[in-house]
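**Student:** below are the sequence and a predicted model for it; my questions follow.
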Amino acid sequence: DAGVTQSPTHLIKTRGQQVTLRCSPKSGHDTVSWYQQALGQGPQFIFQYYEEEERQRGNFPDRFSGHQFPNYSSELNVNALLLGDSALYLCASSLQGDSGNTIYFGEGSWLTVV
Amino acid sequence: DAKTTQPPSMDCAEGRAANLPCNHSTISGNEYVYWYRQIHSQGPQYIIHGLKNNETNEMASLIITEDRKSSTLILPHATLRDTAVYYCIVRVSGTYKYIFGTGTRLKVLA
């Protein structure tokens, strides 16, 4: 049973560019959350998708957007990249996002903005 | 917002029990406490979670105080491979937002 898979694992972008990161949830999971983790810090919640809609958002600007597909996979898009967007982006999946369900994380996508 | 507080670092001798505390005094009554660890900035690895009763699995034990304001993760026989940053997280009540603290950097010493 594959866990949460993310792609790409590493990428380098230039300031002002746009990036798309992808996530496939663990089999059977229907809820996907995205987190940003800057070096030396804990992960910060970006948003959560359920039933193809964003149902919760953290304190991130509109440059951060996402999408969930009918097969529950998800994309994170970041526009107009800034140097400060350099971080590890983590995808987490769970069943319905209800408290008490186990949440699994992928290995992340390392984004470097130059 | 829900918040967790953990000591920034701890050392533990190999083979001894590692006890990692977490304060979550603002947790609401129906929210679980989750524990994860992260090694070399890989993705966080699930360890255990609980609501009010103590929990045990093959990796660890979780002790939650009766008032639910704090918990302790216990690694019964720490090994060098347990060296990692350990996070306890809780969900903000009424939302789907989980809050990570800064975590505890556990170093297991040979």
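**Tutor:** Nice, thanks for sending it over.
**Student:** please count neighbours and contacts with C-alpha atoms only from this point.
**Tutor:** Fine.
**Student:** would you mind naming what in chain A lies close to chain B?
**Tutor:** Within chain A, the positions near chain B by C-alpha under 8 Å from any C-alpha of the partner chain are A:41-45, A:47-48, A:55-58, A:90, A:97-100, A:102-108.
**Student:** close to chain A: what parts of chain B are there?
**Tutor:** B:31-32, B:42-46, B:49-51, B:91, B:95-103.
**Student:** does A:Thr14 touch A:Leu81 like I think?
**Tutor:** Yes. A:Thr14 sits in contact with A:Leu81 when judged by C-alpha atoms under 8 Å, with a separation of 7.3 Å.
**Student:** so between the two, which is more surrounded?
**Tutor:** Here A:Thr14 and A:Leu81 are set side by side on neighbour count (other C-alpha atoms under 10 Å in any protein chain shown), and the busier one is A:Leu81, at 20 against 14.
**Student:** got the contact list for the more buried one?
**Tutor:** When contacts are counted by C-alpha atoms under 8 Å, 6 or more residues apart in numbering or on different chains, A:Leu81 is found next to A:Lys13, A:Thr14, A:Arg15, A:Gly16, A:Gln17, A:Gln18, A:Val19, A:Val113.
**Student:** and the last one, how far is that from A:Thr9?
**Tutor:** Yep, that's A:Val113 we're talking about. As judged by C-alpha to C-alpha, to the nearest Å, A:Val113 and A:Thr9 stand 14 Å apart.
**Student:** who's more crowded, these two?
**Tutor:** Neighbour comparison, A:Val113 and A:Thr9: the larger count goes to A:Val113, with 18 against 15 (by other C-alpha under 10 Å).
**Student:** isn't there a strand covering B:His77?
**Tutor:** No. With DSSP: H, G, I helix; E, B strand; the rest coil as the criterion, B:His77 is located in coil rather than a strand.
**Student:** returning to what we had before: looking at the contacts of A:Leu81, which one is closest to chain B?
**Tutor:** Closest approach between the contacts of A:Leu81 and chain B, by C-alpha to the nearest C-alpha: A:Val113, at 18.0 Å.
**Student:** quick check, pLDDT for that closest one.
**Tutor:** A:Val113 carries a pLDDT value of 98.
**Student:** contacting residues for it?
**Tutor:** If you count contacts by C-alpha under 8 Å, 6+ apart, A:Val113 has them with A:Ile12, A:Lys13, A:Thr14, A:Arg15, A:Leu81, A:Leu82, A:Leu83, A:Gly84, A:Asp85, A:Ser86.
**Student:** please name the bridge partners of it.
**Tutor:** Residues in a beta bridge with A:Val113, per DSSP bridges, are A:Lys13.
**Student:** for it, give its distance to A:Gly66.
**Tutor:** From A:Val113 across to A:Gly66, the span is 19 Å (C-alpha to C-alpha).
**Student:** what's the closest non-adjacent residue to B:Gly101?
**Tutor:** Nearest-residue entry for B:Gly101: B:Thr4, 5.5 Å, with adjacent residues in sequence omitted and distances by C-alpha to C-alpha, 6 or more residues apart in numbering or on different chains.
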